[in-house]
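[1] show me how the following folds:
(3 chains)
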Amino acid sequence: MELLKGLNSSQREAVVNYDAPSLIVAGAGSGKTRVLTSRIAYMLHQGVPAHRIMALTFTNKAAAEMRERIGHMIGGEQSRRLWMGTFHSIFLKILRYEAARLGYPSSFTIYDTADSRNLIKQIVREMNLAEESYKPNTIQARISLAKNNLVTADAYEANAEYTTEDRHRKMPAFAQVYKEYARRCRANAAMDFDDMLLNVNILLRDAPDVLAKYQERFQYLLVDEYQDTNYAQYVIIRRLAAEHSRVCVVGDDAQSIYSFRGAKIENILRFRNDFPDAQTFKLEQNYRSTQTIVNAANSVIKNNVNRLPKESFSAGAEGEKIKVLKAYTDQEEASMVADELRRRVRTDGAAWSDAALLYRTNMQSRVFEEAFRRRGIPYRIYGGMSFYQRKEVKDLLAYMHLIVNPRDNEAFRRIVNYPARGIGDVTVGRLAAMATARGVSLWEVAAGDSLQEAGLNAGAAAKVREFVELISSLSASRAGAELYEFGLDVATRSGIIGNYKMEQTPDAQSALDNIEELLNSMQTFARDVVGEMEYDPTTGELVAGEVAAPSVADWLQSITLLTDQDNDAPEDRNKVTLMTIHAAKGLEYRYVFVAGLEENLFPSAMSMDGADGIEEERRLFYVALTRAKEVAVLSFAATRYKWGSMEFCRPSRFLKEIDRQHLDATFDLEDDAPKPAGSPAWSEKTPAWSPKSSASSPSSKMPSAILPKTTRPDPSRFRKMGVRPAASSAPSSDAVRTVADSGNYVVGQRVAHSKFGIGTITSVEQAGNDHKVTVDFDTDGPRTLLTKFAKLAIVG
DNA sequence: CGGACGAGGATTTTT
DNA sequence: TCCTCGTCCG
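    Take a look at the predicted model:
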């Protein structure tokens, strides 16, 4: 049969035996995605209705790719009806649909990590707790851990073990903070990431009819990257599968790298206990990498105790030995890596995009950026500040959130005085006091007629009313308007655009670029969604036909869980990829460079106090190595700058764990005497879900997302295309100004956009001081753009 | 009330 | 080193 062609025998077994619980243990590069997509396609082919299948993936990108591949195999009509996505995005749909059962409006807001940390900070302040011992990050991590283990605030408070532990950790009031946090989220009609999973569990536990409905609906469950699911996700699966589902989980215990986020490797280790009649399929042949790389990776991972027996092998070429680069400083490391990379790519005639540089922490990227830039090596960085976490984007989104969900107090606070409109802390404090007293939202107080009673003077009250007026009128205009029009309306009338335009700085311009990008995404979304079929989440039946016009709420929903990936901008092609190893999961490159192989960096210092921690770091190293198809190069430095001061480093123990026969090192690793191994004694009686002491100081940064460092158009592009930059709101040369002011935007004019390419203007409209033009792009279709954003260039 | 400036603190990984 | 928070002044 066509679908099974080219599969090896174990892959084929894993595909055709779809009617019983299955554990597919898939080593790195073993064709896991292929098996998963083939299995689904095969099921569809055998007559399983698409709407009976739920496939859970680790990222949205993975889901999109699988959907596309299945579409090719079996047809888009069916693949579109599959429920495929991350736990969060799939269950968000169900949560919106069933929100009422949980006492939420279906328009509830989703708080990202920054939102929830702000709220925690505020609560700690309000409760007058010592900020030294109640660090927001610590609190957040602990709340997250509790939720991931399905411990609600009330359950937490009632558990003496937890509260005793909190007293020891000098946070006796933690349970109260947790309770208040949960209360406030609910009052704001908001859920954080962890709430989504927790609430799904509550829903499935407390609403038997809902449970039965979805059990009936989803009779086939597939879970990818099962080794990285947490307890909450595990219970969801068990609940849904309890009636008659066939669960198929796919994963590799050797690649479990998310325990800091609550992932439980035990889920995959114990699958066969949970489903005693499960069949196991092992995919051990690695089709990705050379024998050297696979064997080297095996030699490292065998140092882990906690693992499923499995030996992956490669039938490919033996390949080059793994080169190890030793540098004296982190700067030199960057230079050596950059030189080596350039040499490889050039001599092999490879593309820059064939190479990736992986590191343990985001902060390591900086020196490499410099080294690459100096050599003119094109690169792109995944990670760092995500697009959706930029201030200007969050501000604009806060307006939309407040409009969609007026109960969202956090959104209210964020924008009530941004851009500055004279509503200060004192005023907000008075509003908040009354809101608390009356048990209503800030918005309700602000929009009510008790401003005077709240203690506001006439001036403050007038400003608040003006703000209320603004939001109300924006809210009213949303009904008739197109998505993009509405977004533009918000950005303009809120004063955000004007505010940045006044600044006339590069930062402000970049903020404007980002706002434009956001507005463009509304346009793209609207265009993509219109005409899509709409299906009932419960039955999978076609609802009312095609989606006519998406709402703001639809759009917000689509972006809240959109984190990274997806943003494959065309200008990012043929560049070296720089990213953390975590971000590299699931990807592959011909050349992989892994930098910073030093004790306390990789393995990270934070992981040193337990055997589990080191094993996870080792798995992370395993993941890093197995990203390489042909060549792996490892590097480390003897000294490294940290917080401005120099530190000495020893080579990572992982280097020594690699079988020497696979290494090409011009020096003796043993020269640098390894530190005595960390004591393996870790506490025996921590509660199953309880954080180890180290787990409570998580990062304050939340990187993710891949955006090019700057989104500014590269001027050289214009030169090459024989065009010149047009209207710019930034200070610009006279020549440029002339182009803009002389109204060169006329119908029929050919123009270039840094992202959408070249197109023809089909309409021009005056919009205040600016022009609103519609451009029919040659490759990308028609779009409405504002010339004030200054990304259009006149061609010719 | 809002902006500018200075000091001090922080860095593991992210759906 | 860089970013965030707090304080001070207009």
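
[2] before we move on, what SS does A:Leu519 have?
    helix (DSSP: H, G, I helix; E, B strand; the rest coil).

[3] list phi and psi for the spatially closest residue to A:Ala26 that is not a sequence neighbour.
    Leaving aside its sequence neighbours, A:Ala26 sits nearest to A:Lys32 (C-beta to C-beta, 6 or more residues apart in numbering; 3.8 Å). All C-beta atoms are positioned from the backbone trio N, CA, C, and that covers glycine. Backbone torsions for A:Lys32, taken as degrees, to the nearest 10, come to phi -60, psi -50.

[4] and the pLDDT for A:Trp352?
    The model reports A:Trp352 with a pLDDT of 94.

[5] so how far is A:Glu284 from the residue in the stretch 301-450 of chain A positioned nearest to DNA strand B?
    Nearest residue of the stretch 301-450 of chain A to DNA strand B: A:Gly424, at 2.4 Å (C-beta to the nearest atom of the strand). Per C-beta to C-beta, to the nearest Å, A:Gly424 is found 65 Å from A:Glu284.

[6] same check on A:Arg307?
    13 Å.

[7] more neighbours: which of those two?
    The neighbour count for A:Arg307 versus A:Glu284, taken as other C-beta atoms under 10 Å, is higher for A:Arg307 (17 against 14).

[8] distance of A:Arg96 from A:Val16?
    36 Å.

[9] any idea which element A:Thr427 lies in?
    Using DSSP states H and E, A:Thr427 falls within helix A:425-438.

[10] tabulate the CA atom coordinates of that helix in PDB.
    Output of helix A:425-438 as PDB, limited to C-alpha atoms (Å, rounded to 0.1, in the frame of the first residue of the first chain):
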ATOM      1  CA  ASP A 425      -1.100  55.700  41.100                       C
ATOM      2  CA  VAL A 426      -3.200  57.600  43.600                       C
ATOM      3  CA  THR A 427      -6.200  57.600  41.300                       C
ATOM      4  CA  VAL A 428      -5.900  54.000  40.400                       C
ATOM      5  CA  GLY A 429      -5.500  53.200  44.000                       C
ATOM      6  CA  ARG A 430      -8.800  54.800  44.800                       C
ATOM      7  CA  LEU A 431     -10.500  53.000  42.000                       C
ATOM      8  CA  ALA A 432      -9.000  49.800  43.300                       C
ATOM      9  CA  ALA A 433     -10.100  50.400  46.800                       C
ATOM     10  CA  MET A 434     -13.700  50.800  45.700                       C
ATOM     11  CA  ALA A 435     -13.500  47.900  43.400                       C
ATOM     12  CA  THR A 436     -12.400  45.700  46.200                       C
ATOM     13  CA  ALA A 437     -15.000  47.100  48.600                       C
ATOM     14  CA  ARG A 438     -17.800  46.400  46.100                       C
END
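
[11] and whatever helix or strand comes next after that helix, anywhere near DNA strand B?
    Downstream of helix A:425-438, the first helix or strand assigned by DSSP H and E is helix A:442-447. No. Helix A:442-447 lies apart from DNA strand B when judged by C-beta under 7 Å from any atom of the strand; the minimum separation is 13.5 Å.

[12] for the helix holding A:Thr427, list every residue counted as buried.
    A:427-428, A:430-432, A:434-435 (16 or more other C-beta atoms under 10 Å).

[13] pLDDT and distance to A:Gly498 added to these, as JSON lines?
    Formatted as JSON lines, the buried residues of helix A:425-438 follow (pLDDT from 0 to 100; distance: C-beta to C-beta, whole Å):
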{"residue": "A:Thr427", "pLDDT": "89", "distance to A:Gly498": "22"}
{"residue": "A:Val428", "pLDDT": "89", "distance to A:Gly498": "23"}
{"residue": "A:Arg430", "pLDDT": "90", "distance to A:Gly498": "28"}
{"residue": "A:Leu431", "pLDDT": "91", "distance to A:Gly498": "25"}
{"residue": "A:Ala432", "pLDDT": "90", "distance to A:Gly498": "28"}
{"residue": "A:Met434", "pLDDT": "92", "distance to A:Gly498": "31"}
{"residue": "A:Ala435", "pLDDT": "91", "distance to A:Gly498": "30"}
